[in-house]
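Asks: just need the structure, nothing else, for what follows:
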Amino acid sequence: MQRVVISGTGLYTPPNSISNEELVASFNAYVEKFNSENAEAIARGEVTALAPSSTEFIEKASGIKSRFVVNKSGILDVDRMKPYIPERSNDEWSILCEMSVKAATQALERSGRTAADIDGVIVACSNLQRAYPAIAVEVQEALGIEGFGFDMNVACSSATFGIQVAANSVQLGQARAILMVNPEICTGHMNFRDRDSHFIFGDACTAVIVERAEGAVSEHQYEILGTKLLTKFSNNIRNNFGFLNRADESGIDHPDKLFIQQGRKVFKDVCPMVAELIAAHLQENGLPVSDIKRFWLHQANLNMNMLIARKLLGRDPEEHEAPVVLDEYANTSSAGSIIAFHKYQDDLSSGTHGVICSFGAGYSIGCVIVRKL
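Replies: Predicted coordinates for the structure are as follows:
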């Protein structure tokens, strides 16, 4: 069995950012327009008037202050309120492939590797733009990687699940190194007309190189000491969009074909599950919580992360112990915990232990214990 390391990470950030103030202005203009156009029906009790949003509500509920997006104008257009992303011909690289290549190029550079050193590509994300051919095989072709590629979807936990699959392939000798990529255009499945969730998501792409420790040349190596996965079925986060929608036209464009969640139930269910899984995983690996100097947690909600860290540490975490990127990036689904890891790893000293953990729809939870070499 090979020892395995994460030897490089990469991040692609879209060029456009939307502040809470911009998003609220657009949403409230839509609310005013809707209530005006439906004033008589609202007065008769046939239609429920929409309530406006506010920056204070968003920040208190989530900790989010802004988000990066692939397209800004379409989202803020009151008559559209969704990104405008022109469809590309089959002879062009897809947008997810393009994002993946940019993040992967950075990860390869940090790992000191080239495409010739990689034997497989995993694209692990929530929001795949097509069923087939696999985005991973397209990324493989675009980068000139020999070997294999496949897509996988475990919602917001896709990256940690992807790291385990990659680590297993390397440990078993099936590959020398694996490129694991998380391209997320979350704004494509976001309902920007829903007050409770219109602020949640942003777009980004992360990449991770997983390879054998023996022969690794990177200055940024983290040995993977263990991985632990858990799933438990729940409808509290769901998206019913799929190819069977066309078989029942009555449901097309209904709100359930976009992201929907029961946020309070998710908060109540998931936080204790995550804290318990991390604690159990550390115990299985003979590590006390006090040995963990950094928790790179899924970046969905600041209140959730603070509660999880508090349950583990028995106190409020210090800023450096559970770094936050969701204030700037919002929830980027599978990419979130890897963005935090990418941005907040270089300051740690050799021998330091940390935990990468993501959680989301399914429910699904993935935990990766690492040690800096």
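
Asks: mind listing what residue 147 touches?
Replies: By Cβ atoms under 8 Å, 6 or more residues apart in numbering, residue 147 lies in contact with 118, 119, 120, 121, 140, 175. Placement of C-beta: from N, CA and C, glycine included.

Asks: hang on, I meant residue 42
Replies: 35, 48, 49.

Asks: quick check: the first one vs residue 118, distance?
Replies: The reference is to residue 35. Look at residue 35 and residue 118: by Cβ to Cβ, to the nearest Å, they are 54 Å apart.

Asks: neighbour count for the two, which is higher?
Replies: A direct count of neighbours by other Cβ atoms under 10 Å for residue 35 and residue 118 places residue 118 higher, at 26 against 16.

Asks: from residue 109, how far off is the more buried one?
Replies: Distance from residue 118 to residue 109, by Cβ to Cβ: 13 Å.

Asks: next one: residue 132
Replies: 30 Å.

Asks: kindly state the pLDDT recorded for the residue located most distally from the centre of the chain?
Replies: Farthest-out residue of the chain from its mean C-alpha position, per Cα atoms, centre = their mean: residue 44, at 43.0 Å. Residue 44 is assigned a pLDDT of 95 by the prediction.

Asks: re earlier: out of the contacts of residue 147, which are inside helices?
Replies: Per DSSP state H, helices hold the following members of the contacts of residue 147: residue 140.

Asks: now for the contacts of residue 147: which two are most distant?
Replies: 140 and 175 (12.4 Å; Cβ to Cβ).

Asks: more crowded one of the two?
Replies: Just comparing residue 140 and residue 175: by other Cβ under 10 Å the higher neighbour count belongs to residue 140, 24 against 21.

Asks: same question for stretch 272-280, mean pLDDT?
Replies: Stretch 272-280 comes out at a mean pLDDT of 97.

Asks: quick check: closest non-adjacent residue to residue 155.
Replies: Among residues not flanking residue 155 along the chain, residue 361 sits closest, at 3.7 Å (Cβ to Cβ, 6 or more residues apart in numbering).

Asks: distance check, the one you found against residue 345.
Replies: Residue 361 is 27 Å from residue 345, by Cβ to Cβ.

Asks: follow-up on the earlier one: and of the contacts of residue 42, the nearest to residue 284?
Replies: Using Cβ to Cβ, the contacts of residue 42 come closest to residue 284 at residue 48, 49.8 Å.

Asks: who's in contact with the closest one?
Replies: Residue 48 sits in contact with residue 42, where contact means Cβ under 8 Å, 6+ apart.

Asks: do residue 154 as well
Replies: 124, 161, 231, 334, 362, 364, 366 are the contacts of residue 154 under Cβ under 8 Å, 6+ apart.

Asks: give me the pLDDT for it.
Replies: Confidence score, pLDDT, at residue 154: 97.

Asks: tell me where the stretch 101-250 of the chain has helices.
Replies: For the stretch 101-250 of the chain, the helices defined by DSSP state H, counting those that start in this stretch occupy 135-143, 158-171.

Asks: can you put these in JSON lines and add distance to residue 289 and mean pLDDT?
Replies: JSON lines is the format used below for those (distance: least, Cβ to Cβ, whole Å; pLDDT from 0 to 100):
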{"stretch": "helix 135-143", "distance to residue 289": "35", "mean pLDDT": "98"}
{"stretch": "helix 158-171", "distance to residue 289": "19", "mean pLDDT": "98"}
